[in-house]
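Novice: my questions concern the predicted model and sequence given below.
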Amino acid sequence: MATLTIWKFDTAEGADHAARTLESLAKSRLVAVHDAAVVTWPHDRKKPKIRQLHDLVGRGALTGAFWGLLFGLLFLVPFFGAAVGAAAGAAGGKLVDVGIDDDLLREVRDRVVPGTSALFVLTSGAVLDKVRDAFAGPSPPELLFTNLSPEQERSLREMFADA
């Protein structure tokens, strides 16, 4: 089963650094990355910059339409040409199936602001202790969302709090 997680970083460069770490972990086969996207929002920009990490993704990649819908709803930024109008509103109900509801959209919108960044990643098969060690540092990311069970999420939060 794939896990969708959203990580928030306190710097505009944090998610880019994490994406490079994630790429290294994927090449070492310590985690399978099915899809990922980075949101960077420098202080001097009105809107965030969004990019899908094509070089990391495997066969289970999400579509540009999924990312476009999600980021359009979050930041009102069309991504990969996805419309953010009535079609996005109608399709937005599909996001609830993976746990992405209005409350989460509001939380991400409130937390990912100028001067921060976020990594949206769909993974499976992570060797958790190796992943934790790779992300250990003075400013660990904050987990904003995961579709793991409550017990798995608690364990993941504790793991990164200890790193």
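Specialist: Sure thing, it's come through.
Novice: elements contacting whichever helix or strand residue 22 is part of?
Specialist: Per DSSP states H and E, residue 22 falls inside helix 14-27. With contacts defined as 3 or more CB pairs under 8 Å, 6 or more residues apart in numbering; DSSP states H and E, the packing partners of helix 14-27 are strand 3-9, strand 32-41, strand 116-124, helix 128-135. C-beta here means a position set from N, CA and C on the backbone, and glycine is covered the same way.
Novice: figure out which of the ones you listed is closest to residue 147.
Specialist: strand 3-9 (5.1 Å; CB to CB).
Novice: which strands border the closest one, and is each parallel or antiparallel?
Specialist: strand 116-124 (antiparallel), strand 142-146 (antiparallel) (DSSP bridges).
Novice: so for the first one, what gets flagged as buried?
Specialist: It stands for strand 116-124. The neighbour-count check on strand 116-124 (16 or more other CB atoms under 10 Å) flags 116-123 as buried.
Novice: okay if I get those as CSV plus distance to residue 48?
Specialist: Listed next are the buried residues of strand 116-124 as CSV, based on distance: CB to CB, whole Å:
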residue, distance to residue 48
116, 9
117, 8
118, 8
119, 13
120, 12
121, 16
122, 19
123, 22
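Novice: closest to residue 24 out of the helices and strands packed on helix 14-27?
Specialist: helix 128-135 (7.2 Å).
Novice: now the closest one: mean pLDDT?
Specialist: Mean pLDDT, helix 128-135: 83.
Novice: give me the angle between that helix and helix 14-27.
Specialist: Orientation check (axes from the mean of the first three to the mean of the last three CA atoms, to 10 degrees): helix 128-135 against helix 14-27 gives 140 degrees.
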